[in-house]
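Peer 1: How does the following fold in three dimensions:
(chains A and B)
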Amino acid sequence: MKGFLVLRIVAKMLIPYILVFALYVQFHGDYSPGGGFQAGVIAAAAIMLYGLIFGLPSARRLVPDAVVETMVGLGVLIYAGVGLVGLALGGNYLDYFVLARDPVAGQLRGIFWVEIGVAITVSGVMLKIFYMFAGRRRRDDTR
Amino acid sequence: MILAHLPALEVVVPLIAAPLTLVLRRASIAWALTTAACAISFVVALLLAVEVARGGPISYAIGSWAPPWGIEYRVDALSSFMLVLVSGIATVVAPYALRSVATELRGGQGTLLYTMFCLCVAGLLGMSITGDAFNLFVFMEIASLSSYVLIALGRDRRALLASFQYLILGTIGATFFVIGVGLLFLKTGTLNLADMADRLHGESTDRAVRAALAFIVVGMSLKLALFPLHLWLPNAYTYAPSTVTALLAATATKVSVYVLMRFYFDVFGLHLLTRVLPMQDILMGLSILAIVTASLVAVWQTDLKRLFAYSSVAQIGYITLGIALGTREGLTAAIVHLFNHGITKGALFLLLGLVAYYTGRTPISSVRGLARSMPLTTFGITLAGLSLVGVPGTAGFVSKWTLVLAAFEADQWWLGGIVVATSLIAVAYVWRFVEAAYLSAPAVPSPVPRDRPLSMVVPAWILVGACIWFGFDTSYTVDAARRAATLLLEAAQ
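Peer 2: Numbers count the residues shown, from 1 in each chain, chains lettered A, B, ... in the order given. Just a heads-up that it's a prediction; the model follows:
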């Protein structure tokens, strides 16, 4: 795709906006459709677009496999960690009421971190799937 | 403080260990974490069992949302029994994995196996502990999806196909289950199992409930590999890595049987099962078919792992036969056999993994003259095989004895006859191993005994020892099973 000037320019222009939109969907998820899952997919889509236009190797340089795999685990750890914080503060597992002095604020705080965990894991999984499919070579099939 | 949160920790510890193993990326660290997580779960399960035996069922509200609105973890006699079985088997299998996985898996995939191992254990424990129908479905998917990956990690390329078959059939099973749960939710407006049972009893005969029963029974029968729906099982067990086969054979189908029992007796109740629909008769017919057919098929197998996989299908038939009797003794027999068959099959597949450690695969020809090169392993397989047959002094005898007594008590003398007759078929397939291992000359004579490595021999022998121990000491198994059966039948009335 190196020769397609228009594609490259448009992609470069779009990718920052896609990433910002992902953040919007993430943090405005309380009030409008969206949340961690959608934001994670959108953020991963930005990297995928980069990979489609500039080639898989450049995408892998930008977000290496090790980072992607760590993201897959890290998000789940954040989610489970929020549950453990609830335990440590004297509530039950995944108890958000105890996370702030005001129970409702506690719920908001709990879901905020949980959604961040979701976004990280979903992003990681999407990218991993993309890398694995895009990284397949035909000789793998005929071997 | 910690004691009050045991029900959550039971599931959360392996669930957190899973992403940690992925993040830390080193197979040895992943193995240590997995072993530690399983051991902690086992200790927690034992503490819970003691607590339940002393003070009755424990209820735990996840997120402090009170049941029936929130998700409730509910530990009673039956679920704590399952927790002990699952976490106990996982604790024995995890140390075994270190060497077995290192030889059987290509580089870099070892870590992945431990991640999936933890997830699978967390899923199975979650299925056993939760009191919420939809949460149960989620845990079932966690356990199933991780077991598809675990099976696909087998070094034979046919493992991929086996895993895919299981994926398709398992997904159909899970879908049927969730359709059934959806119908029940439509009918009762609740997802909490106890609440659902309260609302259903008395007027539980309309079409939606009958459809829900049909969907859930067929779905779970797929998962637990009841006879005509067992086709995924032999390939999955044969081509999965040895560690995985041992874990899944000893726990996965058992937990599905547990879920079936929960819905059967707790939610639907005996009235629906016996008066309205002939569920019990159908289940009994299929169980007998499972026992006879799968035992006969096992006799003709040429691969040992496949032979014992078919034997698993037959043994599941004995468990469902106990459920089909629907009496207290029948249920006791079913629950005891869940446990006893779990440890017996666990022992067998761990020992077969030891054979595979040297030979790569496990056709019967590979064990010719094995008694000379691996005397301990051969003797262990023989003992576990005797437990499979049901020879007195082994765990298998206890469960078959309970089952035969239950059949007599229900005035079904012929069922007792079938149990005894089919045990003779089991003698035939176990004999095929004994004949090859003890009475044939080895193809390639091995000069030194090689019952090594110890990290694999010891866990396998712990389970073999358990087969013998629970053959003599029935105070834990039979008593706990009887308490659980009583509980189920009280709920079912």
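
Peer 1: When you work out contacts or count neighbours from here on, use the C-alpha atoms and nothing else.
Peer 2: Noted.

Peer 1: and the residue of chain A nearest chain B?
Peer 2: Using Cα to the nearest Cα, the closest approach of chain A to chain B is made by A:D95 at 3.8 Å.

Peer 1: next SSE after the lowest-mean-pLDDT helix or strand in chain B?
Peer 2: Every helix and strand of chain B was ranked by mean pLDDT, DSSP states H and E. The lowest is helix B:270, at a mean of 78. Next helix or strand after helix B:270 toward the C-terminus (DSSP states H and E): helix B:279-299.

Peer 1: number of nearby residues for the residue of chain B found nearest chain A?
Peer 2: Chain A sits closest to B:G63 of chain B, with a gap of 3.8 Å, by Cα to the nearest Cα. Applying other Cα atoms under 10 Å in any protein chain shown, we find 20 residues neighbouring B:G63.

Peer 1: can you pull the buried residues of stretch B:255-268?
Peer 2: By 16 or more other Cα atoms under 10 Å in any protein chain shown, the buried positions in stretch B:255-268 come out as B:255-268.

Peer 1: Out of those, list just those in helices.
Peer 2: Within those, residues falling in helices by DSSP state H are B:255-261.

Peer 1: hang on, the earlier thing: put together a markdown table for the buried residues of stretch B:255-268, with distance to chain A on each row.
Peer 2: Output for those, formatted as a markdown table (distance: Cα to the nearest Cα, whole Å):
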| residue | distance to chain A |
| --- | --- |
| B:V255 | 24 |
| B:S256 | 26 |
| B:V257 | 28 |
| B:Y258 | 25 |
| B:V259 | 24 |
| B:L260 | 27 |
| B:M261 | 28 |
| B:R262 | 25 |
| B:F263 | 26 |
| B:Y264 | 30 |
| B:F265 | 29 |
| B:D266 | 26 |
| B:V267 | 27 |
| B:F268 | 30 |
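
Peer 1: Next, format those as CSV and append pLDDT and distance to A:F54.
Peer 2: Below are the buried residues of stretch B:255-268 laid out as CSV (pLDDT from 0 to 100; distance: Cα to Cα, whole Å):
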residue, pLDDT, distance to A:F54
B:V255, 95, 49
B:S256, 94, 48
B:V257, 94, 52
B:Y258, 94, 52
B:V259, 94, 50
B:L260, 93, 52
B:M261, 91, 56
B:R262, 91, 55
B:F263, 90, 54
B:Y264, 87, 57
B:F265, 87, 60
B:D266, 86, 58
B:V267, 87, 57
B:F268, 85, 59
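
Peer 1: can you tell me which two in those are farthest apart?
Peer 2: B:V255 and B:F268 (18.6 Å; Cα to Cα).

Peer 1: which bits of chain A sit near chain B?
Peer 2: A:69-70, A:72-74, A:76-77, A:80, A:91-96 (Cα under 8 Å from any Cα of the partner chain).

Peer 1: Quick check: the two most widely separated of these?
Peer 2: Of all pairs in these, the most separated under Cα to Cα is A:E69 and A:G91 at 31.6 Å.

Peer 1: so who does B:I129 touch?
Peer 2: B:7, B:73-75, B:79-80, B:83 (Cα atoms under 8 Å, 6 or more residues apart in numbering or on different chains).

Peer 1: Among those residues, find me the one that's closest to B:T362.
Peer 2: Each of the contacts of B:I129 was checked against B:T362 using Cα to Cα; the closest is B:L83, at 31.1 Å.

Peer 1: Next, count neighbours for that closest one.
Peer 2: For B:L83, the neighbour count with other Cα under 10 Å is 29.

Peer 1: Which parts of chain A are helices?
Peer 2: Going by DSSP H, chain A shows helices at A:5-27, A:36-54, A:56-62, A:65-88, A:103-134, A:138-142.

Peer 1: Could you point out which residue ranges in the chain have low pLDDT?
Peer 2: You didn't say which chain, so I picked chain A. A:1-2, A:138-143 (pLDDT under 70).

Peer 1: The chain in question should be chain B.
Peer 2: In chain B (pLDDT under 70), the answer is B:1, B:107-108, B:202-204, B:443-449.

Peer 1: which residues are there in chain B that come within reach of chain A?
Peer 2: B:5, B:8, B:12, B:16, B:18-20, B:22-23, B:61-64.

Peer 1: make it 7 Å
Peer 2: B:5, B:8, B:16, B:19-20, B:22-23, B:62-64 (Cα under 7 Å from any Cα of the partner chain).

Peer 1: quick one: the least confident helix or strand of chain B to chain centroid distance?
Peer 2: Remark: helix B:270 is offset 25 Å from the chain centroid, using Cα atoms, centre = their mean, to the nearest Å.

Peer 1: Contacts for that helix, please.
Peer 2: B:492-493 (Cα atoms under 7 Å, 6 or more residues apart in numbering or on different chains).

Peer 1: what's the neighbour count on residue 55?
Peer 2: Chain wasn't specified; assuming chain A. Every residue meeting other Cα under 10 Å relative to A:G55 is counted, giving 15.

Peer 1: Chain B was what I was after
Peer 2: Neighbours of B:G55 using other Cα under 10 Å come to 10.

Peer 1: swap in A:G81?
Peer 2: 19.

Peer 1: cool, A:A66 as well?
Peer 2: Neighbours of A:A66 (other Cα under 10 Å): 11.

Peer 1: check contacts around it.
Peer 2: Counted by Cα under 7 Å, 6+ apart, A:A66 has zero contacts.

Peer 1: Tell me the spacing between it and B:W401.
Peer 2: Distance of A:A66 to B:W401, computed by Cα to Cα, to the nearest Å: 55 Å.

Peer 1: ok so, going back, of the contacts of B:I129, which belong to helices?
Peer 2: Among the contacts of B:I129, DSSP H puts B:7, B:79-80, B:83 in helices.

Peer 1: wait, B:G369 sits on B:E435?
Peer 2: No - counting by Cα atoms under 7 Å, B:G369 stays clear of B:E435, with 9.0 Å between them.

Peer 1: Quick check: neighbours shared by the two?
Peer 2: When contacts are counted by Cα under 7 Å, 6+ apart, B:G369 and B:E435 have no shared neighbour.

Peer 1: Tell me the spacing between B:K223 and B:P375.
Peer 2: If you measure B:K223 against B:P375 using Cα to Cα, the figure is 36 Å.

Peer 1: So for the two, which sits in the more crowded spot?
Peer 2: B:K223 (30 against 16).

Peer 1: Can you tell me the element the more buried one falls in?
Peer 2: Assigned by DSSP H and E, B:K223 falls within helix B:207-224.

Peer 1: buried stuff in that helix?
Peer 2: Neighbour counts over helix B:207-224 (16+ other Cα under 10 Å) mark B:208-224 as buried.

Peer 1: Now do it against helix B:279-299, angle only.
Peer 2: 20 degrees (axes from the mean of the first three to the mean of the last three Cα atoms, to 10 degrees).

Peer 1: which secondary structure elements does helix B:207-224 contact?
Peer 2: helix B:158-188, helix B:242-261 (3 or more Cα pairs under 7 Å, 6 or more residues apart in numbering or on different chains; DSSP states H and E).

Peer 1: Measure how far it is from the centre of its chain, please.
Peer 2: 20 Å.

Peer 1: Same question for stretch A:129-137.
Peer 2: With Cα atoms, centre = their mean, you get 18 Å for stretch A:129-137.

Peer 1: Over to stretch B:282-294?
Peer 2: The answer for stretch B:282-294 is 18 Å, by Cα atoms, centre = their mean.

Peer 1: mind exporting that stretch as CSV, just the C-alpha atoms?
Peer 2: Output of stretch B:282-294 as CSV, limited to C-alpha atoms (Å, rounded to 0.1, in the frame of the first residue of the first chain):
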residue,chain,number,x,y,z
ILE,B,282,-35.9,-41.8,29.4
LEU,B,283,-32.8,-41.1,31.5
MET,B,284,-32.8,-44.6,32.8
GLY,B,285,-33.0,-46.1,29.3
LEU,B,286,-30.2,-43.9,28.0
SER,B,287,-28.0,-44.7,31.0
ILE,B,288,-28.4,-48.4,30.4
LEU,B,289,-27.6,-47.9,26.7
ALA,B,290,-24.6,-45.8,27.7
ILE,B,291,-23.2,-48.4,30.1
VAL,B,292,-23.7,-51.4,27.8
THR,B,293,-22.7,-49.8,24.4
ALA,B,294,-19.8,-47.7,25.6
